[in-house]
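Enquirer: here's my sequence, what's the structure:
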Amino acid sequence: MHESTSADGHTPDTPEGLLERHRALATKGAWFFRRRLPRSITFDELHGAALCGLWEAAKGYRAEMGVRFTTYAAGRIRGAILDWLRTSTGSRRVCRDRAQATERLRHDLPDGRVGPDGADAAVRDYVEALCRGLLPDERAVIELRYRRGLTFEAIAREHWGDPAQEAWAHALHQRALEFLRWAAECRGVA
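Expert: Now for the predicted structure:
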């Protein structure tokens, strides 16, 4: 172990010292991913995730492992960036899908309102058009719940093959109802 200290007082083998000396690894990892991803994902976002990975590597590294720190840290940096991408782009994907669904609604729905004296067929067509704006899993839950009258446990068993997904079926149901309520309000129906 080195006993020398850097200008800021950190010894090279402390987590702080390793972070200070190997910051370029995080930058390199962020640039590696940045070149391969859409422009909507910024370098700063990737670099932040990479620095988190480098910090985790610095805290967890032990020289006794028999692996160079740079080798160990590269895997942790890559993993941190991938974790960040998985969580952040998942939420972006839902937002993008919602925007596309809203655009589909604009084209699918009739321009006139369906009033209380409207025909059942018109109401059914209107509700079906609203449901086309749902994400696939949400649409499946709504159809199984209201067309077939299944419980959330039965929906989970039929749709995912796992009754333990009952809470997820309930959450999707709630999210779908919120979207349908919002879509109807946007059309001036609700």
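
Enquirer: please count neighbours and contacts with C-alpha atoms only from this point.
Expert: Fine.

Enquirer: export stretch 27-44 as CSV, just CAs?
Expert: Provided in CSV are the C-alpha atoms of stretch 27-44 (Å, rounded to 0.1, in the frame of the first residue of the first chain):
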residue,chain,number,x,y,z
THR,A,27,-15.3,9.6,-19.2
LYS,A,28,-14.1,7.0,-21.6
GLY,A,29,-17.0,4.7,-20.7
ALA,A,30,-19.6,7.5,-21.1
TRP,A,31,-18.2,8.4,-24.6
PHE,A,32,-18.2,4.7,-25.6
PHE,A,33,-22.0,4.6,-25.0
ARG,A,34,-22.7,8.1,-26.2
ARG,A,35,-21.5,7.3,-29.7
ARG,A,36,-24.0,4.4,-29.9
LEU,A,37,-27.1,6.0,-28.5
PRO,A,38,-29.7,8.5,-29.7
ARG,A,39,-29.0,12.2,-29.3
SER,A,40,-31.7,12.5,-26.7
ILE,A,41,-29.4,10.8,-24.2
THR,A,42,-26.8,13.3,-23.3
PHE,A,43,-23.1,12.8,-22.4
ASP,A,44,-23.7,14.4,-19.0
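
Enquirer: how far does it sit from its chain's centre?
Expert: Its chain's C-alpha centre and that of stretch 27-44 lie 18 Å apart, by C-alpha atoms, centre = their mean, to the nearest Å.

Enquirer: so which bits of that stretch are buried?
Expert: For stretch 27-44, a neighbour-count test (16 or more other C-alpha atoms under 10 Å) marks 27, 29, 30, 31, 33, 34, 43 as buried.

Enquirer: go on, stretch 47-65?
Expert: 47-58, 61.

Enquirer: of the residues you listed, which is the nearest to residue 168?
Expert: residue 49 (28.5 Å; C-alpha to C-alpha).

Enquirer: quick one: the closest one from residue 161, how far?
Expert: 35 Å (C-alpha to C-alpha, to the nearest Å).

Enquirer: which residues of the protein score low on pLDDT?
Expert: 1-12, 89-123, 186-190 (pLDDT under 70).
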